[in-house]
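In: Provided below are the primary sequence and the corresponding predicted coordinates.
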Amino acid sequence: MIETLRVGIARGLIEFRHTLTNAQDLWGYFFPSLGLLIALFFIEDKKLPGTNLTLGASTLPSSIGMLVAFGGLITIAQYLIVDREDGTLLRAKATPHGMGGYLIGKVVGVGGMTLASILVVLVPGAFLVDGLLFDSGGLLTLLWLLPLALVATVPIGAAIGSFFDNPRSFGLVMLPIFGLVAISGIFYPITGMPGWLQGVAQVFPIYWLGLGMRSVFLPDAFAGVELTDSWRHFETFGVLAVWAVAGLALAPVLLRRMARRESGSVVAARRERAMNSMVR
Amino acid sequence: MAGALEAGTQVPPGERVIDVRDLRMRYGAKDVLAGVSFAARRGEVLALLGPNGAGKTTTIEILEGFRVRSSGEVSVLGADPAGAGEPWRARVGVVLQSWRDHGKWRVAELLGHLGSYYRRYSTEAKPRPWPVGDLLDVVGLAAAAGTRVSRLSGGQRRRLDVAIGIVGRPDLLFLDEPTVGFDPEARREFHDLVHRLTDVDDTTILLTTHDLDEAEKLADRILILSGGRIIADGSADELSRRVAGESEIRWTRDGQRFVHSAANPTPFVRELLQQHGDDVTELEVRRNSLEDTYMRLVHDSEGAQK
């Protein structure tokens, strides 16, 4: 187990380095971050209705919550789909403890890149936006929120990824996730949504990640603009924990099912299909 | 005749690295494998031949533990591949028909990383993994050590696949069409590598190929699979003796080339030499080639099934 962990972490670090030295990958990771920064620049002066909090100060932490959710849900799912198509996963299956090493490596690599994309937004954003608060209370919240966020999203992302074996059908996953972002109070306060949409948003982790990040970086007085006028740490922990448990129960079953189906001829057939769809 | 062939070469049970009995695979109503039985002993090179769709890849995938069989008994390195654990996996090397994985990795980096999974299975007798530098030399990729995998040529990529297959110094190696895309020189080097693996490491090898020349050069024993059954099992010599065929005699006399076929070439050649003596030059007698044997066996079995 320790040995698998060691090999997996080594794998994650190598993949992290590959991503950092590959212009196309960097663009893929940092493009959303750059977009956010530009948006922050333009909305900086606007105030949230009824407060002296700037919209920028509220949006910055919310979007960090969103980046965490993207990293855990989408990136992991995408990797699983692509790695299945090119045979990386089958290679892992052909190697002793290869699957364990592969998954640990993915968590480390994607975790590292998610952290990097947060810093790309947070560091310039902190200078761009007024009203952010960096204190020990916030740091303490971050210490339980970030790991919990990882555990709540990565297994679910892996479960989603194990369902699709065609990269071109992945848009089916992206659309609902973007829809969730729209109703989860990331760019627009959830209090402005109709009641039933608020209910839907509160089922999924994206809202809670945004809320949690706002509680980390905003003064406590601004909990007043949230639902029930509080940061709701207890509920945040509860909902994310439920997703974590569900994901950890579901993901191994689905991943094992997916891995069992991998073989040379399956990979070859998938590639043939990919080639055909490219010709058309 | 079919029964005698199916019984195959006898391998004592204690020496069987691969032991397959009455293996069947059914997809829907179609039997892809209809009762395949064979065995391989330690250090042996087995070539699996057969037309496309004969079940070669299915057989090899079942033995690799990548596919669950419908019925039959399979034992590979003393375990059932369908439920074998990680220590078993560490003793098996797999080279599939085509990989495109790890395109961003550099050659030496990838071999080093994949090798590290085998470290815990290292023993005094067999230190694992194979040191990357030596391995690169062995497969002729030393010059490409720092190259990104996605930039390798087809032949180089294939050699990398073979290197990954043997990085854990396996006791048993599966090679599915290993030399497709090799130039003659690379092919020769690959054959030397296979000989080295079996001679020095006592590795058992099961390979599939369409290249009959290669099968004849590499394999101690050849299995021909057709229509989901093993229709022949033996060395190239044994197989060609099994098929009643005609030998081909070629010679030159007075600058003219002659070709003659005879079921038994000996009396013909004796007579030829008695008649013309030293005028006969460039004399060649060729028994059934493996290709002739193969064509005949596959043709007969397909005829029998129809």
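Out: That came through, no problem.
In: do stretch B:146-155 and chain A meet at all?
Out: No - Stretch B:146-155 stays clear of chain A (CB under 8 Å from any CB of the partner chain), getting no nearer than 9.4 Å. Any C-beta I mention is one placed from the backbone N, CA and C, and that applies to glycine too.
In: can you give me the offset of that stretch from its chain's centre?
Out: A distance of 25 Å separates the centroid of the chain from that of stretch B:146-155, by CA atoms, centre = their mean, to the nearest Å.
In: Report the mean per-residue pLDDT for it.
Out: Averaging the model's pLDDT scores along stretch B:146-155 yields 91.
In: quick one: contacts of that stretch?
Out: B:102-108, B:110, B:144, B:156-157, B:160, B:181-183, B:186 (CB atoms under 8 Å, 6 or more residues apart in numbering or on different chains).
In: Buried residues, stretch B:196-214. List them.
Out: Buried residues in stretch B:196-214, defined by neighbour count with 16 or more other CB atoms under 10 Å in any protein chain shown: B:197-198, B:201, B:203-209, B:211-212, B:214.
In: and if you look at stretch A:259-276?
Out: A:Ala259, A:Glu262, A:Ser263, A:Gly264, A:Ser265, A:Val266, A:Val267, A:Arg270.
In: residues in the stretch 1-150 of chain A within reach of chain B, list them.
Out: Residues of the stretch 1-150 of chain A lying near chain B by CB under 8 Å from any CB: A:3, A:7, A:10-11, A:14, A:18, A:22, A:83, A:86-88, A:90-91, A:93-98, A:101.
In: coming back round to it: from the buried residues of stretch B:196-214, pick the one nearest chain A.
Out: B:Thr208 (10.9 Å; CB to the nearest CB).
In: then the host helix or strand of A:Arg84 to CSV, C-alphas only?
Out: Element membership for A:Arg84, per DSSP states H and E: helix A:76-86. These are the backbone C-alpha positions of helix A:76-86, laid out as CSV (Å, rounded to 0.1, in the frame of the first residue of the first chain):
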residue,chain,number,x,y,z
ILE,A,76,-10.8,13.7,-13.7
ALA,A,77,-13.6,12.5,-15.8
GLN,A,78,-11.9,13.8,-19.0
TYR,A,79,-8.7,12.1,-18.1
LEU,A,80,-10.4,8.8,-17.5
ILE,A,81,-12.1,9.0,-20.9
VAL,A,82,-9.0,10.0,-22.9
ASP,A,83,-6.8,7.5,-21.0
ARG,A,84,-9.2,4.7,-21.8
GLU,A,85,-9.2,5.6,-25.5
ASP,A,86,-5.4,5.7,-25.9
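In: How far does it sit from its chain's centre?
Out: That offset, for helix A:76-86, works out to 16 Å (CA atoms, centre = their mean).
In: ok, stretch A:261-278 near chain B or not?
Out: Yes - using CB under 8 Å from any CB, we find that stretch A:261-278 touches chain B at A:Glu262, A:Ser263, A:Gly264, A:Ser265, A:Val267, A:Ala268, A:Arg271.
In: about what we covered before: in strands, which of the buried residues of stretch B:196-214 fall?
Out: Among the buried residues of stretch B:196-214, the members found in strands (DSSP state E) are B:Thr204, B:Ile205, B:Leu206, B:Leu207, B:Thr208.
In: Give me the nearest residue to the third one, chain neighbours excluded.
Out: In other words, B:Leu206. Among residues not flanking B:Leu206 along the chain, B:Leu46 sits closest, at 4.9 Å (CB to CB, 6 or more residues apart in numbering or on different chains).
In: That neighbour - that's part of a helix, no?
Out: No - the assignment for B:Leu46 by DSSP: H, G, I helix; E, B strand; the rest coil gives strand, which leaves it out of any helix.
In: contacting residues for it?
Out: Residues near B:Leu46 by CB under 8 Å, 6+ apart: B:Ile18, B:Phe38, B:Ala40, B:Thr204, B:Ile205, B:Leu206, B:Leu207, B:Ala219, B:Asp220, B:Arg221, B:Ile222, B:Leu223.
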